[in-house]
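Asker: Here is a sequence together with a model predicted from it:
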Amino acid sequence: MITKQVIIGNRAGIHARPAAMIVKVANKFKSDITLSKDDDEINAKSIMGIITLAATYQTVLTLKADGADEAEAVEAISKIFENKFEEE
């Protein structure tokens with residue numbers, strides 16, 4: 001299992017488009033992938049789950065992947081956050 005902290009850098013936070021980007025990338029991997037905020041942990045392959053986190057600008061999330069391609073999954077999803085969901 002690999003765990004990494006990611007920070008939401010775009011001013012709009014996670015809304016429908018960023019959530020869809022995360023789900024699209026997460027679904028390319030076989031690993032179980034989760035995002036958590038405070039005590040809430042959701043499946044990163046679920047768009048509704050991601051939106052329910054209500055993650056805003058500068059929120060710190062914990063990205064966790066467990067499976068055969070966990071390292072690649074964490075790297076790919078982290079890049080989405082680093083690129084600010086291509087919004088800025």
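Answerer: Received it, and whenever you're ready, just let me know what you need. Residues are numbered from 1 along each chain as shown.

Asker: Going by C-alpha atoms from here, please, whenever you check contacts or count neighbours.
Answerer: OK.

Asker: Quick check: bridge partners of residue 2?
Answerer: residue 65 (DSSP bridges).

Asker: Enumerate every residue touching it.
Answerer: Applying C-alpha atoms under 8 Å, 6 or more residues apart in numbering, we find residue 2 in contact with 64-66, 70-71, 74.

Asker: How about residue 71?
Answerer: Residue 71 touches 2, 65, counting by C-alpha under 8 Å, 6+ apart.

Asker: any idea whether it is helix, strand or coil?
Answerer: helix (DSSP: H, G, I helix; E, B strand; the rest coil).

Asker: And it, what's its pLDDT?
Answerer: For residue 71, the pLDDT comes out at 98.

Asker: Tell me where the protein has helices.
Answerer: 16-26, 47-52, 70-82 (DSSP state H).

Asker: And for the residue nearest to residue 15 when sequence neighbours are not counted, the neighbour number?
Answerer: Among residues not flanking residue 15 along the chain, residue 51 sits closest, at 6.3 Å (C-alpha to C-alpha, 6 or more residues apart in numbering). Residue 51 has 17 neighbouring residues, counting by other C-alpha atoms under 10 Å.
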